[in-house]
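A.B. asks: Got a sequence here, can you model it:
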Amino acid sequence: MEKTSYSYAQIGKIAYPIFLTLLVQNLIQVIDTAFLGHVGEVELGASAIAGIYYIAVFTVAFGFSTGAQILIGRRNGEKNFDKIGEIMLFGTVFLWIMAFFIFGFTRLFSAPILGSALHSPQVLKASLEYLDWRIYGLLFSTVNVMFRAFFVGITRTKVLTFNAILMALTNVFFDYAMIFGHWGFPKMGIGGAALASVISEAVSVTFFFVYLFCAVDLKKYGFIGIIWKNFKVIRNILNVSLSLMIQQFLSLSTWLVFFFVIERMGETTLAISNIIRSFYMIIGIPVFALSSTASTLVSNTIGAGKQSEVIALIWKIARLALAISLFFVLLLGVFPEWALLVYTSDSGLIMESIHSLYVILLVLLVLSIGNVFFQSVSGTGNTRSALAIEITTLTLYLIWMWFVAIYLQASLAVCWTTELVYAFFIGLLSYFYFKRGQWQNKKI
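C.D. replies: Numbers count the residues shown, from 1 in each chain. Have a look, this model is predicted:
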């Protein structure tokens, strides 16, 4: 196996700001979950349904930005810096137009979609109250993801840390103020949590624009003198990102189906699953950050003509992800009750959550290798293969979910083994993709 020119220190330097960004972003969700846990079980469960529903709709835009990030990374590796600005700007305009269409769709169809899927009228009412405010965030989050694609693609990720901290502080302030009605703000409950997220995203966009004009060499990256009739840039992004858009929408939609199934098991079970979901996203941050780093570095490495180093690079990142995950698994496996106290002081909820938490810890170990390989598939630019891998894995996921949750009517912990099925097969199929060797000359 060839050696990679990237050291662990270099990988960490790129991954660390992404890690901090994801940490702060997910801490926002943890704080939302923790606050709503003190409002009621219905609100706690509804925030899971409505949150995943919003992300499933938003992920279409996120998939587009991921494709843009891959292109930016490739141009950065090729040292074609002047081609990066047009990718960023055309992509942002395209996503903002898309945001208005998604906004209209969500406004028109959220109530009938959720109404046909949810069993509890209380959960349905709370979910729609959340979405009524949360949907405005699309107008800002679609711009945010393009800024993230730009800074990750050029491996200038430190700015993401400052932005994420600003978002978190803004969100915590308005969460506390508007959920509970402090400091003269109205007491809005679950709607306040949604509005706080929208405000924090608006602040984030403002920060990115100020930083872009004050600290980025606009001429170097081709932001000056762009030919606005050159719409082939959008076509190029779509060639890479369309499969990613479909892939990520299917992935999140399938997860939403999982929570629809869980909701029918009762409001308490749904509340527990929201705690587990939030916990899963937090402890998985190192894996997600290193996976994003793998995608960027694979794209940069191929762009630099060093295809022979790619496999060694992926394994190096995967080993790092596994080592970090193992540390968290050992720590949390010994003290699960203390970790769950962050979300609720209800001893009953804590005890009922522990077995599902143990399942998620096992999932994390498998995902630490599987997701690094999977995101690296997209880094090669062959997003159609990534889509095929995703569809195959999700099919197996749905079959297993039906078997354990509907046919066997198993316990919640057993139902969460669906995530283990996903983590195992997404990694196995991605590994086989790289073994074939047909990715090395992919042009984008």
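
A.B. asks: need the next SSE after the helix or strand of the chain with the lowest mean pLDDT, C-terminal direction.
C.D. replies: Ranked by mean pLDDT, DSSP states H and E, the weakest helix or strand in the chain is helix 8-37, scoring a mean of 70. Next along the chain after helix 8-37, taking DSSP states H and E as the criterion, comes helix 41-78.

A.B. asks: List the buried residues for that following helix?
C.D. replies: Neighbour-count burial for helix 41-78, counted by 16 or more other C-beta atoms under 10 Å, picks out 41-77. To be clear about C-beta, it is placed using only N, CA and C from the backbone, and glycine gets the same treatment.

A.B. asks: cool, and stretch 257-272?
C.D. replies: 257-263, 265, 267-272.

A.B. asks: I'd like to know which of the residues you listed are part of helices.
C.D. replies: 257-263, 267-272 (DSSP state H).

A.B. asks: Among these, which pair sits farthest apart?
C.D. replies: Largest separation among those by C-beta to C-beta: Val257 and Thr268, giving 20.2 Å.

A.B. asks: how about the buried residues of stretch 257-272, which pair is most distant?
C.D. replies: The span of the buried residues of stretch 257-272, defined through C-beta to C-beta, is set by Val257 and Thr268 at 20.2 Å.

A.B. asks: residue ranges with poor pLDDT in the chain?
C.D. replies: Residue ranges of the chain with pLDDT under 70: 1-5, 17-18, 20-22, 24-30, 32-34, 36-41, 44-45, 226-230, 342-345, 437-444.

A.B. asks: residue boundaries of the strands in it?
C.D. replies: Assigned by DSSP state E, the chain shows no strands.

A.B. asks: ok, the closest residue to Gly91 other than its chain neighbours - contacts?
C.D. replies: Nearest residue to Gly91, sequence neighbours excluded (C-beta to C-beta, 6 or more residues apart in numbering): Ala68, at 4.4 Å. Ala68 makes contact with Ile87, Met88, Gly91, Met146, Ala149, Phe150, Gly153, Ile237, Val240, Ser241, according to C-beta atoms under 8 Å, 6 or more residues apart in numbering.

A.B. asks: go again using 10 Å as the cut-off
C.D. replies: Ala68 is in contact with 84, 87-88, 90-92, 94-95, 145-146, 148-150, 153, 233-234, 236-238, 240-241, 244, counting by C-beta atoms under 10 Å, 6 or more residues apart in numbering.

A.B. asks: and what of Ser368?
C.D. replies: Contacts of Ser368 by C-beta under 10 Å, 6+ apart are 284, 286-287, 290-291, 317-326, 328-329, 423, 427.

A.B. asks: which of those residues count as buried?
C.D. replies: Buried among the contacts of Ser368 (16+ other C-beta under 10 Å): 284, 286-287, 290-291, 317-318, 320-322, 324-325, 328-329, 423, 427.

A.B. asks: Which residues lie in contact with Ser291 in this structure?
C.D. replies: So Ser291 contacts 15, 18, 284, 317-318, 321, 367-368, 370-376, 378-379 (C-beta under 10 Å, 6+ apart).

A.B. asks: Off-centre distance for stretch 135-146?
C.D. replies: When C-alpha coordinates are averaged (C-alpha atoms, centre = their mean, to the nearest Å), stretch 135-146 and its chain have centres 14 Å apart.

A.B. asks: same question, stretch 88-98
C.D. replies: Distance of stretch 88-98 from the chain centroid (C-alpha atoms, centre = their mean) equals 20 Å.
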